[in-house]
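In: Okay, here's the prediction I keep looking at, along with the sequence it came from:
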Amino acid sequence: MDLPREPDRTITFHIKKIQIQALIITIATLVLGAVMMAFIHLESGFNITFLNFFLWLVLYIILIILHEVFHLIGFVIWGKCNRSDLVYGINRELGVAYAGTKKIIQNQAMKKALLLPFWLTGFLPFIIGIWLNSAVLMTVSAFLIGGGAGDFSMYQQLRKVKKDAYIIDDINEPKLYVFEENPITD
């Protein structure tokens, strides 16, 4: 990746570690959701049928796409990115969907864009699924919450960086480049 200058700091993420975190978060969220559903509704909302599995799969695909779209919306709103600055797709080598920006954005904007999908495709559907006693919606959102482990890892590392630092998201590798001052001079 071509950088404007040597970054002040490079944050590298380890995919295997994030995958383990994702599994742990998913299982913990599933257990929490099931306990909360049983406590609130005093009956199980779980009913394993072909139709429920199909609905789960369709919702999962839709929410994954929305997850990435919400990252892009965050980059536009808080990072002031243009459509031409945005990149998205599927990294077949890593087995993940991704959304990013080619533009350098400030840390505070990057952190907001990282967490927006968690709130809208993970937490909110999780709460609605519990409220409606919908195991399908609760489990899909639990998988999306767990799937946000990479976003959570990035957010956690960016909390250690000053809020007005500039960040470049490496589109090809799981790395963030940190610049204390804007590396682009006009």
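Out: In hand now; what should we look at?
In: Which residue is the nearest non-sequential neighbour of residue 110?
Out: The spatially closest residue to residue 110, leaving aside those adjacent along the chain, is residue 167, at 4.7 Å (C-beta to C-beta, 6 or more residues apart in numbering). Just so you know, the C-beta spots here come from the backbone N, C-alpha and C atoms, and that holds for glycine as well.
In: what does residue 125 give?
Out: residue 141 is the one closest to residue 125 (C-beta to C-beta, 6+ apart), at 3.8 Å.
In: and the residue nearest to residue 110, what element?
Out: strand 166-169 (DSSP states H and E).
In: Can you list the strands that the helix or strand following that strand pairs with?
Out: Next in sequence after strand 166-169, counting helices and strands by DSSP H and E, comes strand 175-179. Sheet partners assigned to strand 175-179 using DSSP bridges are listed as strand 9-12 (antiparallel), strand 166-169 (antiparallel).
In: Quick one: mean pLDDT for strand 175-179?
Out: Averaging pLDDT along strand 175-179 yields 96.
In: contacting residues around it?
Out: Contact with strand 175-179 is made by 3, 5, 7-13, 104, 107, 110, 154, 157-158, 161, 165-170, as judged by C-beta atoms under 8 Å, 6 or more residues apart in numbering.
In: Kindly export it (C-alpha atoms) in CSV.
Out: What follows is strand 175-179, C-alpha atoms only, in CSV (Å, rounded to 0.1, in the frame of the first residue of the first chain):
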residue,chain,number,x,y,z
LYS,A,175,-3.6,-3.1,9.6
LEU,A,176,-4.2,0.5,10.5
TYR,A,177,-1.6,3.2,10.0
VAL,A,178,-1.6,6.0,12.5
PHE,A,179,-0.3,9.5,11.9
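In: Leaving out sequence neighbours, find the closest residue to the residue nearest the centre of the chain.
Out: Centroid check for the chain by C-alpha atoms, centre = their mean gives residue 148 as the closest residue, at 3.8 Å. Nearest non-adjacent residue to residue 148, counting by C-beta to C-beta, 6+ apart: residue 118, 4.8 Å away.
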